[in-house]
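Colleague: coordinates only, sequence not included:
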């Protein structure tokens, strides 16, 4: 047996941290061998879908609210056509003088008939149907319910049988339902984050269990908790990045396909729900959060397990 | 024993029990001096491995006091223990090599954990492989090495960081007599370089192969003092077994 080697200054402590590539090979390389990339891909895809849906709903609500805010419709309901026209003229005069009204347009009878055609049918006999006279009204910004009630009372006095309806009131239940859907999407995102963290926790424990001997050896050789946790963090990091990107692409593709389907509906309200560049940028952050959650969960799982050792 | 020797490990009235079982070690008191060679002997089940676990800080005792390198390690915060472990080398009874790492990487592990740069560790690891006669098996995985080769890798890993204390649990248990003798020569060489060596063995033949060694004998979890060479119990008059 030869004389032991002289290691000398080469074994000075603390020259290079035990992490990164230096530590990575402590765990057997098994990229995509475990469940983590796939679990994260599914979680990210679902989260991107939920977040995309929430953002689209938010845009839809904002767009609809913007379009309808300050709009109202006056209906003059009078079976007799001459009387109806006379009352409509009175209403127009009244609206022209009202300080809360910034503009109005009397909807031509032919346009009203066209609007109602899908329900009432067209052609002969339509003249006999007593259609109301409609006047679209643009209200001053900030016109509230009290102001609408005042206008309605004035209309009733001047032209009995007429009424004013805020367009926002028509859609209030729809907007409320959309807001409920938004909250549901948010709840889904939170649940998916928890589910993802739980899946990573289980997977980390599995990896830990499979590498317990290695961990104990490094621990007994003087490796500290942080060094050992970093080995697992690095392993999870690469798996999570791969899974996150896969999930983002899948989710984005699904959103794009759905957007095309909705665009085919040719509905003004649905068109207001399209995603902006900022929305896509927000969706692109989803995998980053997923990677962050996965790495943090893996670290805490390993640290907790190591604390059971001396 | 020369007068310049210093205490490196002190056990004082240490006891160890696992859970609610009876004590596997009772009233263990001894002092290890730096630069000496110790054998820990005793029949199977006497508590040798348990005592070594306390020594290499894998276990806290149930009672008593342990000082290492001048510090009470019982009350030492958990996060301070790795620094003390790095001052020791351990040869485990079952080698405990990392299966998916090559012989080179297994030996390099303590240096990497200690923060030695890759450029700085290659030379020492290659020297160590040559020293234990495994220069041509650097890339071999443990599963492809014989028992004796695995043992030598384990020893190389234990000594590469030049530990102040080397602890070896039955290091000759899996090798033939020739290899056992070679390993003892290796430990002696290290000892001459200043490392305190503690070798647990039930092979009494080994004791004769290191003439200047001191012997600690364990029996049923208690330490005996057969040679009187040890200052046992530490700094107390009267001596006697536990």
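Modeller: Sure thing, it's come through. Since this is a predicted model, take the numbers as computed values, not measurements.

Colleague: all strands of the chain, in order?
Modeller: Just going to use chain A. A:71-76, A:101-107, A:133-139, A:162-166 (DSSP state E).

Colleague: actually it's chain B I care about, not the one you picked
Modeller: B:7-16, B:25-33, B:37-41, B:63-68, B:71-72, B:88-91, B:165-169, B:196-201, B:214-219, B:222-224.

Colleague: circling back: now the strands of chain A as TSV including mean neighbour count, mean pLDDT and distance to residue A:306?
Modeller: For the C-beta atoms, the positions are set from N, CA and C on the backbone; glycine is no exception. TSV is the format used below for these (neighbours: other Cβ atoms under 10 Å in any protein chain shown; pLDDT from 0 to 100; distance: least, Cβ to Cβ, whole Å):
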stretch	mean neighbour count	mean pLDDT	distance to residue A:306
strand A:71-76	21	87	64
strand A:101-107	15	87	70
strand A:133-139	20	88	67
strand A:162-166	20	85	63
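
Colleague: which residues of the stretch 51-200 of chain A score low on pLDDT?
Modeller: Scanning the stretch 51-200 of chain A for pLDDT under 70 picks out the ranges A:122-127.

Colleague: so who does residue B:37 touch?
Modeller: B:187, B:188, B:191, B:196, B:197, B:199, B:210, B:212, B:213, B:214 (Cβ atoms under 8 Å, 6 or more residues apart in numbering or on different chains).

Colleague: can you give me the end-to-end distance of stretch A:95-102?
Modeller: In stretch A:95-102, first residue to last residue: 9 Å (Cα to Cα, to the nearest Å).

Colleague: beta partners of the closest residue to residue B:70 other than its chain neighbours?
Modeller: Once flanking residues are discounted, residue B:70 sits nearest to residue B:7: 7.8 Å by Cβ to Cβ, 6 or more residues apart in numbering or on different chains. Applying DSSP bridges to residue B:7 gives these bridge partners: residue B:33.

Colleague: same check on the one 4 residues further on?
Modeller: Following DSSP bridges, residue B:11 is listed with bridge partners residue B:30, residue B:66.

Colleague: gap between it and chain A?
Modeller: To chain A, residue B:11 is 16 Å away according to Cβ to the nearest Cβ, to the nearest Å.

Colleague: and residue A:78, how many residues sit next to it?
Modeller: Number of residues near residue A:78 (other Cβ atoms under 10 Å in any protein chain shown) recorded here: 20.

Colleague: ok, it touching residue A:87?
Modeller: Yes: taking Cβ atoms under 8 Å as the definition, residue A:78 is a contact partner of residue A:87 at 5.6 Å.

Colleague: mind giving me the PyMOL select for the contacts of residue B:37, buried ones only?
Modeller: Buried members of the contacts of residue B:37, defined by 16 or more other Cβ atoms under 10 Å in any protein chain shown, are picked up in PyMOL with:
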select buried, chain B and resi 187+188+191+196+197+199+210+213+214
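
Colleague: which residue is the nearest non-sequential neighbour of residue B:71?
Modeller: residue B:84 (7.5 Å).

Colleague: what of residue A:52?
Modeller: Residue A:52 sits nearest to residue A:255 (Cβ to Cβ, 6+ apart), 4.3 Å away.

Colleague: so the one you found makes contact with residue A:47?
Modeller: No: contact between residue A:255 and residue A:47 fails when scored by Cβ under 8 Å: they sit 11.7 Å apart.

Colleague: please list all residues in contact with the nearest residue to residue A:109 once chain neighbours are set aside.
Modeller: Distance criterion Cβ to Cβ, 6+ apart; nearest residue to residue A:109, sequence neighbours excluded, is residue A:131 at 6.5 Å. For residue A:131, the contacting residues are A:109, A:112, A:113, A:116, by Cβ under 8 Å, 6+ apart.

Colleague: who wins for neighbours among those residues?
Modeller: residue A:109 (17 neighbours).

Colleague: what residues does the longest helix along chain B touch?
Modeller: Looking across chain B with DSSP state H, the single longest helix is helix B:177-192. Here helix B:177-192 makes contact (Cβ under 8 Å, 6+ apart) with A:1, A:3-4, B:35-37, B:131-132, B:148, B:151-152, B:155, B:159, B:166, B:168, B:171-172, B:175, B:197, B:199, B:203, B:206, B:209-210.

Colleague: just the buried ones from the residues you listed, in PyMOL syntax?
Modeller: Remark: buried members of the contacts of helix B:177-192, expressed as a PyMOL selection using 16+ other Cβ under 10 Å:
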select buried, (chain A and resi 4) or (chain B and resi 35+36+37+131+132+148+151+152+155+159+166+168+171+172+175+197+199+206+210)
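
Colleague: now do residue A:268, the pLDDT please.
Modeller: The model reports residue A:268 with a pLDDT of 63.

Colleague: and the least confident helix or strand in chain B by mean pLDDT with chain A, contact?
Modeller: Using mean pLDDT, DSSP states H and E, the weakest-scoring helix or strand in chain B turns out to be helix B:204-209, at a mean of 80. No: using Cβ under 8 Å from any Cβ of the partner chain, helix B:204-209 stays clear of chain A, coming no nearer than 13.7 Å.

Colleague: who touches residue 148 in this structure?
Modeller: All of this is about chain A. A:72, A:139, A:164, A:166.

Colleague: wait, I meant chain B there
Modeller: B:174, B:175, B:176, B:179.

Colleague: list buried residues within those.
Modeller: B:174, B:175, B:179.

Colleague: neighbours of residue B:84, how many?
Modeller: Neighbours of residue B:84 (other Cβ under 10 Å): 18.

Colleague: that should have said residue B:19, apologies.
Modeller: 4.

Colleague: any idea how far the spatially closest residue to residue B:16 that is not a sequence neighbour lies from residue B:14?
Modeller: Spatial nearest neighbour of residue B:16, excluding adjacent residues (Cβ to Cβ, 6+ apart): residue B:25 at 4.2 Å. Applying Cβ to Cβ, to the nearest Å, the value for residue B:25 to residue B:14 is 7 Å.
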